[in-house]
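My questions concern the predicted model and sequence given below.
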Amino acid sequence: TPYMSRRGFLAAGGLAVTAGMTLNRPVFGANDRLSIGVIGTGDRAGSLMADIAKLRDSHNAAITAVCDVWRINRESAAARVERWFENKPFATSRFQEVLARDDIDAVVIATPDFGHTPIMIEALKAGKDVYVEKPMALDLDNANTALALAREKERVVQVGTQRRSEGRWKAAHNFIAEGNLGHVSRISASNCFNHPRWARDFSDCKQEDVDWEAYLFNRPMVDFDPKLLRRWHLYKMCTNGISGLWMVHLIDAANIVMGATYPDSAVAHGGLYVWKDGREHNDVFHALIDFPEGFLFDWSMSLTNAAGSRYNIHGRYGTMNLDALTYSGEGGEQGKAIEAGKLTPEPDQNHMANWLECIRSRQRPNADIEFGFQHSVATIMAAEALHTGQRQRYDRENRRIYAG
């Protein structure tokens, strides 16, 4: 049924699913320092490393190993770590060397997208707890393997979908669960930019400084091309495109606010209209995702015009604007439209701190791997719909995606 009880709605939204769930492994003592390896030390990893550094004393954690295939990134990261933690970290271009170390308790995986799940699988096999950047997976088979391993090995996996730790989405979930908007049938969201945020300089990326074999560890061994490393976002061998790069956050937010898990079907369209810079992915994208809970999620992205960003939730009695944290009777049924008001967000949590705390307590974190699996299903479906021109469906029982 597309309609759910309030209790079912709250549970399905993930606000109650992880609470109190404990992984049956020995906990770390307060005096036991958490030793963390960082795999992939580019721009995104720099922010994550700084987050850990800020928590060094309060959470008794330290980065003790860094891995990057590009010497420039690796040496820069090692220097920062040595400054922050007053110890020189182990440094390598091969992630396997980090995972083989007994003195590493957990790893942060912030590589280009194609490395996320394969490296996570190896980390789980090695008994490490994991923080993995989004999208969690580009391939459903890998996602299934990782989820099974995380549960079998009783590992703490936090996915980098940080909206799971932001209070506005929880507040919206509760507001909707209380029936204030009536039945929500549509979420309409968009992210729009009009500048080449992907255009990283690659003039200093030289072949002699890159462990190219390590970079393409699970990809065809093509000739060295610095753009594949510095502007990997543009290429199909590195990512599934806008769906995985961006929609992942917004579809995950829809799951939070609506208490949803997996879509029924997805269609997508798009094109390359402006940025003729050698990219293989679109610069304009639009996806429609149908959920069995009884709503349609529509999301678009434009890299060609900055107007139109939004996150609006449309219910029978009114509309919520989550960018502005407002709700009103706009579009609501006559006589039942809600009065306008301001949504009060719940307190935000520190996403990295939540992971570190869960490593010690063995509880499942805010963005547990199960939620990463859910967003992976949706983003893989949308990407496949775009690339094939066919509607994609999800079979929950057998955990497979198929055209139909």
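Thanks, I have it. Residues are numbered from 1 along each chain as shown.

mind listing what's buried in the host helix or strand of residue 49?
For residue 49, the host element (DSSP states H and E) is helix 43-54. Residues of helix 43-54 classed as buried by neighbour count (16 or more other C-beta atoms under 10 Å): 44-46, 48-49, 51-53. (C-beta placed from N, C-alpha, C; glycine too.)

again, but for stretch 208-225
209-212, 214-217.

Okay, residue 213 and residue 69: tell me how far apart.
9 Å (C-beta to C-beta, to the nearest Å).

okay, and the common contacts of the two?
Residues touching both residue 213 and residue 69 (C-beta atoms under 8 Å, 6 or more residues apart in numbering): none.

quick one: average pLDDT of the helix or strand just after the helix holding residue 49?
Downstream of helix 43-54, the first helix or strand assigned by DSSP H and E is strand 61-67. Here strand 61-67 scores 98 as its mean pLDDT.

Direction-wise, compare strand 61-67 with helix 43-54 and give the angle.
150 degrees (axes from the mean of the first three to the mean of the last three C-alpha atoms, to 10 degrees).

by contact count, what packs against strand 61-67?
strand 34-39, helix 43-54, helix 71-85, strand 90-92, helix 95-99 (3 or more C-beta pairs under 8 Å, 6 or more residues apart in numbering; DSSP states H and E).

What lies in contact with that strand?
Applying C-beta under 8 Å, 6+ apart, the set of residues contacting strand 61-67 is 33-41, 49, 52-53, 55-56, 74, 77-78, 81, 84-85, 87, 89-95, 97-98, 101, 103-104, 356.

next one: stretch 72-89
So stretch 72-89 is in contact with 38, 41-42, 45-46, 49, 53, 56, 62-68, 91-93, 204-205, 209, going by C-beta under 8 Å, 6+ apart.

same thing with stretch 94-107?
28, 34-39, 64-65, 67, 90, 92, 115, 119, 122-123, 126, 128-131, 156, 211, 214, 359.

distance between the ends of it?
13 Å (C-alpha to C-alpha, to the nearest Å).

from the chain's centre, how far out does that stretch sit?
Distance, stretch centre to chain centre, for stretch 94-107: 22 Å (C-alpha atoms, centre = their mean, to the nearest Å).

try stretch 137-145
For stretch 137-145, the distance to the chain centre is 14 Å (C-alpha atoms, centre = their mean).

Over to stretch 43-59?
18 Å.

could you point out which element follows whichever strand or helix holds residue 146?
Element membership for residue 146, per DSSP H and E: helix 140-153. The element immediately downstream of helix 140-153 (helix or strand, assigned by DSSP H and E) is strand 157-159.

And the contacts of that next one?
By C-beta under 8 Å, 6+ apart, strand 157-159 touches 120, 124, 129-134, 136, 146, 150, 351, 354-355, 358, 365-369, 371-372, 375.

Repeat the analysis, applying 7 Å as the threshold.
130-132, 134, 136, 150, 354-355, 365, 367-369, 371-372 (C-beta atoms under 7 Å, 6 or more residues apart in numbering).
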